[in-house]
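Student: From the sequence below, what's the structure:
(chains A and B)
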Amino acid sequence: MLPLPSIYRGIWRVAVHTIRTRGSPHSRHLCTHNGAPAGLVDADTIFALSSGHGRCGVAVVRVSGPASATALRCMAGLTRSLPSPRTALLRSITDPQSKEVLDRGLVLWFPGPHSFTGEDSVEFHIHGGPAVITAVLQALGSVPGMRPAEAGEFTRRAFQAGKLGLTEVEGLGDLIHAETEAQRRQALRQMSGELGRLYQDWTHKLKRCLAHVEAFIDFSEDELIEDGVLNQVDRSLYDLQTEMERHLKDERRGERLRSGVQVVIAGATNAGKSSLLNALCQRPAAIVSPIAGTTRDVVETALDIGGFPVLLSDTAGLRDSPDLVEREGVRRARERVEQADLTLVVVDCAPLPFDTQQAVAFLQEHLRSVLPSQEQHHTDRCLLVLNKTDLLPEEQRQTLDGELRWISGLPPVCLLSCHTNEGLHDFLTVLHSSVKTLCGDPLSSAPTLTQARHRAHLQQCVAALAQYQQYRDTDLALAAEGVRLALTSLGRITGRVGAEEILDIIFKDFCIGK
Amino acid sequence: MLTTKLPPLQRCLLLVSRRASHLARQQYDVIVVGGGHAGTEAAAAAARVGAETLLVTQKIHTIGALSCNPSLGGVGKGQLVKEVDALDGLCGRAGDWAGIHFSILNRRKGPAVWGPRAQLDRQRYRQFIQSELLSTPRLTVLEGSVEELLITEPDPEKPGHHRVTGIHLANGSHPISASSVVLTTGTFLSGSLFMGQTTSPGGRIGDAPSSAGISHTLRERLGLRIGRLRTGTPPRIVKKSVDFSQAELHLPDSQPTPFSFLNTRTCCKPEEQLPCHLTLTTEGVERVVQESLHLNCHIHQDTKGPRYCPSIESRVLRFPGRKHQVWLEPEGVNSELVYPQGLSMTMPPDMQLRLIREIPALHQAEIHTPGYGVQYDFVCPTQLSPALQVKSAQGLFLAGQINGTTGYEEAAAQGLWAGVNAARWALHMPSVALSRTESYIGVLIDDLVSRGVTEPYRMFTSRAEFRTSLRPDNADLRLTLKGFEEVGCVSSIRYQEAVRVRDTLHEGLAALQALVLSTPTWRKKLPDMGMSEAKSTVLTGMDVLQYKDMSFEMLASVFPESLSHYMEFSQRLKIEAVYRPHCDRQKKEIERIQKEENMSLPQDIDYFSLPVSLSQEVREILDRVRPSTLGAATRLQGMTPAAIVHLLNYVRHSGQKDRTHSNQKEETEEELCAQNASLPQ
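Tutor: Now for the predicted structure:
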């Protein structure tokens, strides 16, 4: 099952929980479940955290599909009857396996077709702490026939049933655009980490194994491909399976995925980026000096801004440098900006032209040099910090302050001096409101949800590899199917692998004739 | 079904014309240009669908010629042959008639990837195809060279910028008009032959080059994007000069398996089959390639060749220091020649002789005809619809190497499908498409029209994502029923047989399902099966048949009263039992893709003015490729998820408006199919 629905599925991989469109549809044909390994029942029931990530009092976990009633019964201790439809009921929510009480919260039962998705649905309204949410999601995952929703899947089911109106659909398109942006950023962030490298490495190995099995199937009777190829594949797949199983047993979580809103300070050298970091965390976390290029690596600090978790990174000043170390620093800086939820672009305001028009042009040019191209229209993902106002004549400072704030096409502008702390308080207010928006925005990284999904895909991957072992000696086509399924499951974390990519490896590794 | 006699030729000859002035008519429903694997299937399929069809070819006696290797089928390709046969095409039956060495490749790798294959007698293959075509009702064959396509203004009711109305022959006689034209020109479109440092125009050695008119029309008049591809063929070797004692003997299957679902045996008797021989290249071969490089302009021509190795030169250059396999294949029962598979080469003839003599079994070999390379034009296939019609030209269909593929089977598959759709276009029936979820033909066509080609496209089983469902054994169930009921290209005899097979298999599986026994009872009945002692559950006959060493015959011998009736299909039942659970699991994914493929995007959409929010970049991609379905659109590079949502929404809303319209169309389609089915095939 190689070329999976590609882009189309990508749409639905965006975070589900944002969309609160009403409507109730059901269409199981178009849902994106693929290649469920043995053990999962046919018609899948999906679940996801439907409320935002970040600090919140109440979290809503939504379940949809035929096993919803089962989930409700075994998690809310309702052995006999289901609650009356669409009525809130206060229950203890327990883990169906361990019987441990996870939380006390409201449960709601929406029998189809009068539900959000048209299918039987259940909502759990639980306390908003990450521990509770994780526990409930994991408990749901242990109910037979349940799997974490692909992003957007609830809405997809709604959409496919044709319950959404024209304007809602137009809105959905725009929303999906925003979501894919957020998703792209999140994926970049995960993929550049240790975990990302591990997954990529697995994908690479699996691809190679699949290519060699496929080569053995398609070419071994005509070309010189020896049986030894398969023995090597056996070993590699066995090792991979063992490694993944070990990884799944490993309960250490969270440490590899960075959480919190990613705020990155960026700008030209000597604009005062490190001074801003120090001012924000109220301690000398970064070395500051008047020498351009002092900061060469990324300096990270975890901060709490108005109650929201923020990971603040100071980066090397962006300039072309002959120095290898500094060049690497600049590369890392650009990478960070690329992955950021919010970028603070720091500008030394001393060289700013006096004329407002020219100043705007100057700042726009500057933004272009700092932000990655696809971000340049997203002014809401950026704050412009004009530093060193203490060096400006009072008159110019006031003109700038008065006029630049209201120029459209520029992100919010803050004037401050890290030297005198003038304007810092106003800046903090602006930063706080930006971070608040981002945290309320469930699109910003939600590690629990991401992890639950990764886990499910990895489990499917391991189960599929077992299929290879099962059929290795009796039916190579069915064994290869196992590797294909494994790669598809892993591909849902690291990206789809198409048939052409497999053929590339085959043609590179083996001499295949006409 | 397989007669040892060919159809009476006298009767057929009436339908043949060597001169256009002898033609009974100057107007046809479908004209097929080219008599290769694509052209012959196209002509036969168009006639089966019910169109008055004319096949124009340079020489009648080269119709059905195997220009390159004397074999049919293989892994992936064998699936195509089975599917062409399931749709009542020619090549499967021709293979059964002409085969002289049958084997199923991948026999030990699982039935989904079995590769039915045969060595062919070139002469017998040609005979079969020719006599079959010449006896096909509604089909006329004309010897001639096509000078020009006739092009006029399009029918404004339908999408397209031009309309093809017929052909002009080279000898200046009257134009012949037709509603559809199928071009299957193979390597003849601006073809040139290469050997050593010499080049000459042509598509195959010994045949005249075709006129530049068609190429010019496609390029200039229709504005199609054209690319250039290369291929080659090995030297033919004099059989009696080969020292077979120095090669490894490879025997065919002791019991030949026919390609065709209609045949229970092959024409060639098991004991009359000829063997193949396998040998390996040596260091000397590598040396000759290196030494002849400066004399080999085909190899120098362009550097961005295909990823695979089409010639011995590319093998040696890309994978030096290795031994490469060379198969010595028979060319026919009475042929004095041997075909060295794996030795395609374009070096000068004297160097070719030096090279082959570096191989021990060929140390005294003589070359009958030297190998050569061919370069030819192809039309970038993304310009085609899934019906293989040129999107911008109404009534123009392309099939075979002109679409960038390589291989007889790939050509035959496209030919059949282009012929079907050309006939349906001419008879005012809606076009039909095969999905990649139901057939290798669907995979082939979808890959071509939605991804295009950068190297000659060849079928591999790894290209089919639903490989375990698309097996050679069930091609009839997948396609014959649809071919009769929806497409109109299958005879009622074949249809009735497929219905019988389907029903019997159904009953057989139900009988297996109904055999429910506890594990201890199974153990008692089948003591040798080694069923585990621990389990004491109930198992059905289906479950037990899934055991590795359990055959249907063994079950039937224990339960003769309920199962012996199905012995005819013992192998198919075993395969069904093993694959059923896996196929059931794929069903949902298949349904999803089919649903997306059923959402067709109108071909005349002006993407630039479509009142939905799409970025300029996406509009350009859509405008350039013009995907036929939403499914195809999702596979395009550069499409954004948001754009798909907008398109999906557009399709749903425009689809509702069209519904009444298409209902009427379906009715006419049914009528026509019914008419067609009652006609003699």
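Student: On the pLDDT front, check residue 98 for me.
Tutor: Assuming you mean chain A. We note a pLDDT of 85 for residue A:98 in this prediction.
Student: my bad, the chain I had in mind was chain B
Tutor: For residue B:98, pLDDT reads 98.
Student: Ok, the one 5 residues further on next?
Tutor: According to the prediction, residue B:103 has pLDDT 97.
Student: Note down every partner strand of the helix or strand that contains it and its orientation.
Tutor: Assessed by DSSP states H and E, residue B:103 sits inside strand B:99-105. Take DSSP bridges as the rule and strand B:99-105 pairs in its sheet with strand B:115-120 (antiparallel).
Student: and residue B:232, helix, strand or coil?
Tutor: strand (DSSP: H, G, I helix; E, B strand; the rest coil).
Student: and the residue of the stretch 401-550 of chain B found nearest chain A, what is it in contact with?
Tutor: Closest approach of the stretch 401-550 of chain B to chain A (CB to the nearest CB) occurs at residue B:462, with a separation of 4.0 Å. Quick note: C-beta positions are derived from backbone N, CA and C, even for glycine. Counting by CB atoms under 8 Å, 6 or more residues apart in numbering or on different chains, residue B:462 makes contact with A:2, A:214, A:217, A:218, A:499, A:502, A:503, A:506.
Student: For the residues you listed, point out the one with the lowest pLDDT.
Tutor: Looking at the contacts of residue B:462 by pLDDT, the weakest one is residue A:2, with 35.
Student: can you list the domains in chain B?
Tutor: B:236-373, B:510-591, B:599-678 (automatic domain parsing).
Student: Kindly state the pLDDT recorded for the residue of the stretch 401-550 of chain B closest to chain A?
Tutor: The model reports residue B:462 with a pLDDT of 95.
Student: What about chain B: which of the contacts of residue B:462 touch it?
Tutor: Restricting the contacts of residue B:462 to those within reach of chain B (CB under 8 Å from any CB of the partner chain) leaves A:2, A:214, A:217, A:218, A:499, A:502, A:503, A:506.
Student: ok, for the last one, nearest residue in space, not its chain neighbours?
Tutor: Distances taken as CB to CB, 6 or more residues apart in numbering or on different chains place residue A:215 nearest to residue A:506, at 4.5 Å, with adjacent residues excluded.
Student: Also the second one?
Tutor: The shortest distance from residue A:214 to any residue that is not its chain neighbour, by CB to CB, 6+ apart, is 4.0 Å, and that residue is residue B:462.
Student: what do you get for the fourth one?
Tutor: Leaving out its chain neighbours, the residue that sits closest to residue A:218 by CB to CB, 6+ apart is residue B:460, at 4.5 Å.
Student: Quick check: residues of the stretch 51-200 of chain B near chain A?
Tutor: Residues of the stretch 51-200 of chain B lying near chain A (CB under 8 Å from any CB): B:74, B:75, B:76, B:105, B:106, B:108, B:109, B:110, B:111, B:112, B:113, B:115.
Student: Mind checking which of those residues are buried?
Tutor: Buried members of those, scored by 16 or more other CB atoms under 10 Å in any protein chain shown, are B:74, B:75, B:76, B:105, B:106, B:109, B:110, B:111, B:112, B:113, B:115.
Student: taking those one by one, which sit in strands?
Tutor: Mapping those onto strands (DSSP state E) picks out B:105, B:115.
Student: circling back: am I right that the residue nearest to residue A:506 is in a strand?
Tutor: No. Secondary structure of residue A:215 (three-state DSSP): helix, not part of a strand.
Student: my guess is it meets residue A:229, correct?
Tutor: Yes. Residue A:215 is in contact with residue A:229 according to CB atoms under 8 Å; the separation is 7.1 Å.
Student: quick one, which of those two is more surrounded?
Tutor: The neighbour comparison of residue A:215 against residue A:229 (other CB atoms under 10 Å in any protein chain shown) goes to residue A:215, with 24 against 16.
Student: ok, now which ones touch that one?
Tutor: Contacts of residue A:215 (CB under 8 Å, 6+ apart): A:225, A:229, A:506, A:509, A:510, A:512.
Student: Return a ChimeraX selection command for the buried portion of those residues.
Tutor: Buried residues within the contacts of residue A:215, by 16+ other CB under 10 Å, are selected in ChimeraX with:
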select /A:225,229,506,510,512
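Student: Just the closest of the contacts of residue A:215 to chain B, please.
Tutor: For these, the closest approach to chain B (CB to the nearest CB) belongs to residue A:512, at 4.3 Å.
Student: Tell me the pLDDT of the residue lying closest to that closest one once chain neighbours are set aside.
Tutor: Counting by CB to CB, 6+ apart, residue A:512 lies nearest to residue B:308, which is 4.3 Å off, once chain neighbours are set aside. On pLDDT, residue B:308 comes in at 86.
Student: just the one 4 residues further on next, same as before
Tutor: As predicted, residue B:312 sits at a pLDDT of 93.
Student: can you check the one 10 residues further on too?
Tutor: The predicted local distance difference test score for residue B:322 is 90.
Student: on that earlier part again, which of the buried ones among the residues of the stretch 51-200 of chain B next to chain A lies closest to residue A:362?
Tutor: residue B:76 (61.8 Å; CB to CB).
Student: Look up phi and psi at that closest one.
Tutor: The phi/psi pair for residue B:76 (degrees, to the nearest 10) reads phi 90, psi -50.
Student: Now for the nearest residue to it once chain neighbours are set aside, which secondary structure element holds it?
Tutor: Closest residue to residue B:76 apart from its sequence neighbours, by CB to CB, 6+ apart: residue B:459 at 4.3 Å. Following DSSP H and E, there is no helix or strand that holds residue B:459.
Student: Can you give me the neighbour number for residue B:459?
Tutor: Neighbours of residue B:459 (other CB under 10 Å): 26.
Student: Would you mind measuring from it to residue A:82?
Tutor: 53 Å (CB to CB, to the nearest Å).
Student: And for residue B:512?
Tutor: The gap separating residue B:512 from residue A:82 is 39 Å, by CB to CB.
Student: Show me which of the two is the more surrounded one.
Tutor: Under the criterion of other CB under 10 Å, the comparison of residue B:512 against residue A:82 puts residue B:512 first, with 23 against 17.
Student: Surely that one and residue B:550 touch.
Tutor: No. With contact defined as CB under 8 Å, residue B:512 does not count as touching residue B:550 (11.1 Å).
Student: Just say helix, strand or coil for residue B:227.
Tutor: For residue B:227, the assignment made with three-state DSSP gives strand.
Student: Quick one: residues contacting it.
Tutor: B:377, B:378, B:379, B:380, B:404, B:453.
Student: could you redo the last one with a cut-off of 7 Å?
Tutor: B:378, B:380 (CB atoms under 7 Å, 6 or more residues apart in numbering or on different chains).
Student: Identify the residues contacting the single nearest residue of the stretch 151-300 of chain B relative to chain A.
Tutor: Residue nearest to chain A within the stretch 151-300 of chain B: residue B:231 (7.1 Å; CB to the nearest CB). Going by CB under 7 Å, 6+ apart, residue B:231 touches B:187, B:310, B:374, B:406, B:456.
Student: how much space between it and residue B:376?
Tutor: Distance, residue B:231 to residue B:376, by CB to CB: 8 Å.
Student: ok, now residue A:311?
Tutor: Using CB to CB, residue A:311 is found at 60 Å from residue B:376.
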